[in-house]
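In: The sequence isn't on hand, but the structure is:
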């Protein structure tokens, strides 16, 4: 199986100038990602060394755990942009959206049109790792009625679908597009997730990729995502992320 042979790879082969990382947790102190502004800049600097220059960072918006408002998110993003400018990272594009948990609070935000999109119509969403929302298909339908496109973060990490692979096809049919966590191709999240990610990749069910960077340990593991064959498949997929690229 060609995915099993791991090696260090030059990530600049994957992350071209038009690549946009659409999933990360780089805003200081508002979720389980960067702890402070220094941590934010250190993470971005390391990612920059891998060739990533375009960011749409996506803090969690999750009930009472991470009740981040759009205003707070945008204020934190402005703070990071200012610090990047001070630090001399003039070739970095840094924007913010959010990773929305599909819960009752999200439905209320959707009804109020209080949504930060990745770009245009795309919204990054996630589910609980324990079970899918009972009204999942209805929420996906509501998202699309509002004119948005749901981007399901890391579908490979939802263990309750590992033995019901047909659900992935149902989600695609229901209008979801899928975002692969690159670290899912390693053992970061366990072998079950790794195996499912490999299968979804080979079945061409993914649409976009993201690093889902939270901390430096994630970035140390990132170069070990797979064999040259796997890297070529990821390269083709990563090229899709250019749809989020802005030249201004």
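Out: Cool, got the structure. Please read all numbers here as calculations on a predicted model, not as lab measurements.

In: Could you list the buried residues of the longest helix seen in the chain?
Out: Secondary structure of the chain per DSSP state H: the longest helix is helix 70-87. By 16 or more other CB atoms under 10 Å, the buried positions in helix 70-87 come out as 73, 76, 77, 80, 81, 83, 84. For the C-beta atoms, the positions are set from N, CA and C on the backbone; glycine is no exception.

In: Then stretch 37-44?
Out: For stretch 37-44, the neighbour count (16+ other CB under 10 Å) marks 37, 39, 40, 41, 43, 44 as buried.

In: Please render those as TSV that adds distance to residue 239 to the earlier fields.
Out: What follows is the buried residues of stretch 37-44, written out as TSV (distance: CB to CB, whole Å):
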residue	distance to residue 239
37	32
39	30
40	27
41	28
43	24
44	22
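
In: about what we covered before: what mean pLDDT does the longest helix of the chain get?
Out: Helix 70-87 comes out with an average pLDDT of 98.

In: Show me what whichever helix or strand comes after that helix is in contact with.
Out: Counting by DSSP states H and E, the element after helix 70-87 in chain order, helix or strand, is strand 93-96. With contact meaning CB atoms under 8 Å, 6 or more residues apart in numbering, strand 93-96 is reached by 20, 27, 44, 53-59, 73-74, 76-77, 80-81, 84, 116, 246.

In: Nearest the geometric middle of the protein, what residue?
Out: residue 23 (2.5 Å; CA atoms, centre = their mean).

In: So it is in contact with residue 210, correct?
Out: Yes. Between residue 23 and residue 210 a contact is recorded at 2.8 Å, counting by CB atoms under 8 Å.

In: intersection of neighbour lists for the two?
Out: 153, 179, 181.

In: Quick check: the nearest residue to residue 37 once chain neighbours are set aside vs residue 11, distance?
Out: Distances taken as CB to CB, 6 or more residues apart in numbering place residue 28 nearest to residue 37, at 4.6 Å, with adjacent residues excluded. Distance, residue 28 to residue 11, using CB to CB, to the nearest Å: 24 Å.
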